[in-house]
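>>> turn this into a structure:
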Amino acid sequence: MNMTRPRVLITGGAGFLGSHLCERFLAEGFEVVCMDNLITGDLRNVEHLFADPHFHFEKRDVTEHVHVPGPVDAVLHFASPASPIDYLELPIQTLKVGSLGTHKALGLARAKNARFLLASTSECYGDPLVHPQSEDYWGNVNPVGPRGVYDEAKRFAEAMTMAYHRFHGLDTRIIRIFNTYGPRMRLRDGRALPAFMSQALRGEPLTVFGDGSQTRSFCYVDDLVEGIWRLLNSKEHLPTNIGNPAEMTILQFAQAVLKATGSKSGIEFKPLPVDDPKVRQPDITKARRILGWEPKVALEDGLVRTLDHFRSRVALADAGPAGGR
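Below you'll find the model as predicted:
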């Protein structure tokens, strides 16, 4: 192992976002330790990195124990179930990784004198009464609803991160991530893009909840990773929104997916889930000011870049039971 390289631990590194971060940090000359218990992560996301001598994978549950021998320069805590299906199927694990997992990851960062970055979420704003959402908005969250396990886990994680910063002087960052899409998303994810893409490619009706007038803002994964990189290398300790402020309705998004895939599928409307946010749009004034960051990839281009991944995953899923994760 070449210890002259800076070294980063990425928890949840085999997940959608984590795997893209592993690639970025390797490209930036880091030694990368990717930690994941694979309950929602997938080794296929990082198997192409196994040949790189500077990449190391550890199957481990961050809520139980985190030990990394040798120096660590940065800890990025991205371990967490992160979709509506996950909240329903893995509610306890979601709460544990946001609380116990964050505590373990912060403890490691403190022991190693490493910079710490928490992956938080726009779900901290709940079903917002302020639009667009800026970092000084405290949110409108139902703590006992089905989504509360994720929302409150992340809000607690933010509070603990700030406590370590204020009490222990730990060098911390908090990113509030808004809807992100791109290659390596799971098919059975519960979020709009995987559902729409898989339905469109199979010629099935696209499922739109409610009347489709609820809004979202979709950021391509490469843009998000650039924002994470810039935030980590900034001096900002308080939460920072990273997302694409180009707001659209879910119905418009479904139509964009149909256009990108060339599918002739129709649209099927179903009842709106409990506590589903009616609007979601980041105010990225702060990110523009302190990071010089804003998204570059237009939705049409991002959907085209994502299409091949979903084509291959749909083909695998349709060929056998193990392919649809």
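
>>> which other helices and strands does the strand or helix carrying residue 229 contact?
Assessed by DSSP states H and E, residue 229 sits inside helix 221-232. The elements that helix 221-232 packs onto, with contact taken as 3 or more CB pairs under 8 Å, 6 or more residues apart in numbering; DSSP states H and E, are helix 16-27, strand 74-77, strand 115-121, strand 172-177, strand 180-181, strand 240-242, helix 285-291. Quick note: C-beta positions are derived from backbone N, CA and C, even for glycine.

>>> could you point out which of the ones you listed sits nearest residue 154?
When the helices and strands packed on helix 221-232 are compared by CB to CB, strand 115-121 sits nearest residue 154, at 4.9 Å.

>>> and residue 193, how far is that from residue 231?
As judged by CB to CB, to the nearest Å, residue 193 and residue 231 stand 24 Å apart.

>>> more neighbours: which of those two?
More neighbours surround residue 193 than the other of residue 193 and residue 231, with 22 against 19 (other CB atoms under 10 Å).

>>> the more buried one: what secondary structure?
Recorded secondary structure, residue 193: helix (DSSP: H, G, I helix; E, B strand; the rest coil).

>>> so it touches residue 185, yeah?
Yes. Using CB atoms under 8 Å, residue 193 is in contact with residue 185, at 6.4 Å.

>>> run a quick neighbour tally on residue 167.
Applying other CB under 10 Å, we find 8 residues neighbouring residue 167.

>>> report pLDDT for it.
Residue 167 is assigned a pLDDT of 98 by the prediction.

>>> and for residue 324?
pLDDT, residue 324: 52.

>>> need the helices for the stretch 201-325 of the chain, in chain order.
Remark: helices assigned in the stretch 201-325 of the chain by DSSP state H, counting those that start in this stretch are 221-232, 250-261, 285-291, 299-319.

>>> relative to residue 126, which of these is closest?
Of these, nearest to residue 126 by CB to CB is helix 250-261, at 17.9 Å.

>>> got the angle for the closest one vs helix 299-319?
70 degrees (axes from the mean of the first three to the mean of the last three CA atoms, to 10 degrees).
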